[in-house]
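J.: This is a predicted model, with the sequence first.
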Amino acid sequence: MIEQVFHLAQGDDKTIEKVVMDENLHYMHMILNKGEGLPEHFSNSNVYMAVLRGTLTIGLAGQEDHVYPKGALLKIPIDTRMNVRNLGDEVLELTVVKAPAPVK
């Protein structure tokens with residue numbers, strides 16, 4: 001078998017999983033319930049964030065929060081301060097790709 005196969009978590013429980021973490025990119029999958037979020041941090045690579053379900057509330061670089069629905073794809077530059085939260089009523093599910101892979 002040439003391909004590698006990865007499986008994403010299913011359901012509504014809070015999940016932050018690192019699916020692929022290699023020298024090319026980092027691919028993460030997140031499920032956040034109402035009121036949950038990530039610690040505020042700076043992006044350590046170019047970040048591509050896709051909203052798979054629910055509504056994403058995100059504050060970037062000190063600007064006011066923006067809200068993105070299911071189907072939105074964000075491209076966030078490296079070294080951007082990020083505040084990622086689920087302030088909506090529905091479960092928020094995201095995929096996050098960092099490319100190129102961050103260097104330590």
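T.: Noted; the coordinates are in hand.
J.: What residue in this structure is the furthest from its centre?
T.: M1 (29.5 Å; C-alpha atoms, centre = their mean).
J.: Can you get me a residue count around V96?
T.: 21 (other C-beta atoms under 10 Å). Just so you know, the C-beta spots here come from the backbone N, C-alpha and C atoms, and that holds for glycine as well.
J.: picking that back up, what about the residue farthest from the centre of the chain, distance to A9?
T.: Per C-beta to C-beta, to the nearest Å, M1 is found 23 Å from A9.
J.: Please enumerate the helices of this protein.
T.: Remark: helices of the chain are absent; assignment by DSSP state H.
J.: looking at it, L32 is touching L92, isn't it?
T.: Yes. Between L32 and L92 a contact is recorded at 4.6 Å, counting by C-beta atoms under 8 Å.
J.: More neighbours: those two, which one.
T.: Neighbour count, other C-beta under 10 Å: between L32 and L92, L92 has more, with 25 against 22.
J.: What's the separation between that one and T55?
T.: According to C-beta to C-beta, L92 stands 7 Å off from T55.
J.: In the chain, what residue spans correspond to strands?
T.: Under the criterion DSSP state E, the chain carries strands at the ranges 15-21, 26-32, 41-42, 47-53, 55-60, 66-69, 73-76, 81-85, 92-98.
J.: same for the fifth one, what does it pack against?
T.: When contacts are defined as 3 or more C-beta pairs under 8 Å, 6 or more residues apart in numbering; DSSP states H and E, strand 55-60 packs onto strand 66-69, strand 73-76, strand 81-85, strand 92-98.
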